[in-house]
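Coordinates for the following, if possible.
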Amino acid sequence: MSEGLVSPEVEPAPPAGARASRTSLIAALLLVGVTAVWGSTFVMIKDVVRSLPVVDFLAARFVIAALAMVIAFWVPLRRMHRDQVRRGVVLGVVYGLAQILQTFGLSHTSAAVSGFVTGMYVVLTPVLGAVLLRQRAPAATWVAVAMSTAGLALLALRGLSVGTGELLVLASALLYALHIVALGAWSGGKDALGLATVQMVAIATLCSLAALPGGVRLPTTSGAWFAVLYTAVLAGAGALIAQTWAQAHLTATRAAIIMTMEPVFAALFAVAVGGEHLTGRMLGGGLLVLAAMYVVELTPGRTIVPLARRRRSRGNRAAPKSPDRAR
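I've put the predicted structure just below:
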């Protein structure tokens, strides 16, 4: 997998010029919107899984999303090359495994601790980027990572014990980080629809297989069906398409830091819709995450530059220009 990630043909081009800067800004804002949608699902999912097994909920959600995407994006799906399909399947399996591990981890730990441990992908993403892609993150990136981690801890933690649940959720965070890094390397922007569809089919297949041993139960109330459809269409298909396109224009670590807004939005929706009270911890944690985003947005072009790209850039500067290039 690491050899595929290092391939220069699939490295996202660095932002250059006003148009690229605008595209990068749009991608960042779109990813913020994705995290807002994800954050809005916590309240409704919490209600649904009281009467529906979590794995069954995931299977129903992702199967509906996959069917909708295959029907809507059949043409770009047929245009996918074999290598693109293979990468989409790998991405989908990684993401689906992360969902399943996180779900089982939730049954052995509190939702708050699970939210914090899952958010550790913001730390694991630059580490994996350094190991798999030979990327080097500047000091500003690590400052943003530390700030966002502190914000997540302030939002979620009331003490932390390490047990089976925490280890399962930590494994899911590692897989989420791997998905972010691989998606940033493999997404080309133009193939976002096809790549997102392949991922969703792989996720649906994996979650369905996980639900089969106990028999798949479907929702029985209109509220539960609304939650399934909302998370399938908007928070599933729509969010994955948006994330796939956005990460073609953002570095993996920048995307991970932006995505730490998810628990912030979850807290906001919990206060606005779920009847919870706004606390100083929520406010302080949310402000730290926002500040981390601000730090990383101040230096978008310097967040991460792959070593291979820097070597090519130095080689191009050192090479003498041909007569054609001089013209």
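
what about the protein, any weak spots by pLDDT?
Scanning the chain for pLDDT under 70 picks out the ranges 1-17, 107, 109-116, 156-162, 297-327.

need the longest helix for it.
helix 17-48 (DSSP state H).

Over to the most centrally placed residue in the chain. Which of the three states is it?
The residue lying closest to the centre of the chain (CA atoms, centre = their mean) is I180, at 5.4 Å. Using DSSP: H, G, I helix; E, B strand; the rest coil, the structure places I180 in helix.

If you count neighbours, what's buried in the longest helix of the chain?
Residues of helix 17-48 classed as buried under the neighbour-count rule (16 or more other CB atoms under 10 Å) are 23-24, 27-28, 30-45, 48. From N, CA and C alone the C-beta is placed, and that goes for glycine too.

And that helix, what does it pack against?
helix 222-232, helix 239-246, helix 252-259, helix 261-272 (3 or more CB pairs under 8 Å, 6 or more residues apart in numbering; DSSP states H and E).

Just want the angle from it to helix 239-246.
Interaxial angle, helix 17-48 versus helix 239-246 (axes from the mean of the first three to the mean of the last three CA atoms, to 10 degrees): 160 degrees.

List the buried residues of the very next helix or strand once past helix 17-48.
Counting by DSSP states H and E, the element after helix 17-48 in chain order, helix or strand, is helix 54-72. By 16+ other CB under 10 Å, the buried positions in helix 54-72 come out as 54-66, 68-69.

quick one, helices of the stretch 101-250 of the chain?
Here the stretch 101-250 of the chain has its helices, by DSSP state H, counting those that start in this stretch, at 111-118, 121-133, 139-156, 164-186, 192-211, 222-232, 239-246.

The fifth one packs against which elements?
Meaning helix 192-211. helix 54-72, helix 74-78, helix 82-106, helix 239-246.

could I get those as TSV with distance to L128?
Putting the helices and strands packed on helix 192-211 into TSV (distance: least, CB to CB, whole Å) gives the following:
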stretch	distance to L128
helix 54-72	24
helix 74-78	28
helix 82-106	11
helix 239-246	17
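
Compare those helices and give me the one nearest G194.
helix 74-78 (4.1 Å; CB to CB).

Check which residues of the closest one are buried.
Going by 16+ other CB under 10 Å, helix 74-78 has these buried residues: 76-77.

what helices or strands is that helix leaning on?
So helix 74-78, by 3+ CB pairs under 8 Å, 6+ apart, packs with helix 192-211.

Report the buried residues of the helix it packs on.
192-208, 210-211.

Could you do stretch 254-263 as well?
If you call a residue buried by 16+ other CB under 10 Å, then stretch 254-263 has these buried ones: 254-263.

Nearest to H108, out of these: which one, please.
Once CB to CB is applied, the member of the buried residues of stretch 254-263 that ends up nearest H108 is P263, at 19.6 Å.

For M200, give its distance to G214.
Distance, M200 to G214, by CB to CB, to the nearest Å: 23 Å.

Same question for A139.
With distances taken as CB to CB, A139 is found 49 Å from G214.

thinking again about what came up before, what's the closest of the helices and strands packed on helix 17-48 to Y95?
Closest among the helices and strands packed on helix 17-48, using CB to CB: helix 239-246, at 8.3 Å.

got the angle between that closest one and helix 222-232?
20 degrees.

so what secondary structure elements neighbour helix 239-246?
helix 17-48, helix 192-211.

And those helices: which comes nearest A292?
Among the helices and strands packed on helix 239-246, the nearest to A292 by CB to CB is helix 17-48 (12.9 Å).

I figured A66 hits S208, correct?
No - assessed by CB atoms under 8 Å, A66 is found out of contact with S208, at 9.5 Å.

For my notes, confirm E276 occurs in a strand.
No - assessed with three-state DSSP, E276 is coil; it does not lie in a strand.
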